[in-house]
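# sequence below, structure please.
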Amino acid sequence: MSASYYDPELHPEDWVDVCAPGSEILVLFPQGDYYYFGNGTSFSAPIVSALGALRMSRYPDETPDEVRTAIETYTKWWFPPRSEELPGLVDYYNVLIREP
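Presented below is the predicted three-dimensional model:
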């Protein structure tokens, strides 16, 4: 996981609730016709943003807050439920198939 947020005091209210892959992402290289593995938060944000857009296209009557709630609700926690150890990993499948 890649992260660009650092809180030296470890305030739980400032922690990330949802995360997306940010390391070892297979991407197209802009010059040429080959792939490479990229790392960084620049890969994470588009993944979650695209999921939100897909959810909105599937359920057009949902508000942005409802889309956010769906993404947060269908998150797989890496440790015991709502652990403060790590944020949850977005569950793309359930976000898209679960009706509001």
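# what about the nearest residue to Leu89 once chain neighbours are set aside, how many residues nearby?
Here the nearest residue to Leu89 in space, its sequence neighbours aside, is Lys76; by Cβ to Cβ, 6 or more residues apart in numbering that works out to 5.1 Å. All C-beta spots, glycine's among them, are computed from the backbone N, C-alpha and C. Using other Cβ atoms under 10 Å, Lys76 is surrounded by 9 other residues.
# hmm, Lys76 is touching Asp91, no?
Yes: with contact taken as Cβ atoms under 8 Å, Lys76 and Asp91 are classed as touching, separated by 5.1 Å.
# can you point me to the longest helix in this protein?
The residue-count maximum for a helix in the chain (DSSP state H) belongs to helix 41-58.
# next one: that helix to chain centre, how far?
Per Cα atoms, centre = their mean, to the nearest Å, the displacement of helix 41-58 from the mean C-alpha position of its chain is 8 Å.
# what about the strands in this structure?
Taking DSSP state E as the criterion, the chain contains strands spanning 18-19, 25-28, 35-38, 75-76, 88-90.
# hmm, Tyr36 is touching Val27, no?
Yes: taking contacts as Cβ under 8 Å, Tyr36 lies within contact range of Val27: 6.4 Å.
# nearest residue to the middle of this protein?
When Cα atoms, centre = their mean is applied to the chain, the residue found nearest the centroid is Ala20 (3.4 Å).
# if I look at the residue in the chain sticking out farthest from the centre, how far off is Val67?
Of all residues in the chain, Gly32 has its C-alpha farthest from the mean position, at 28.6 Å, by Cα atoms, centre = their mean. Separation of Gly32 from Val67 (Cβ to Cβ, to the nearest Å): 36 Å.
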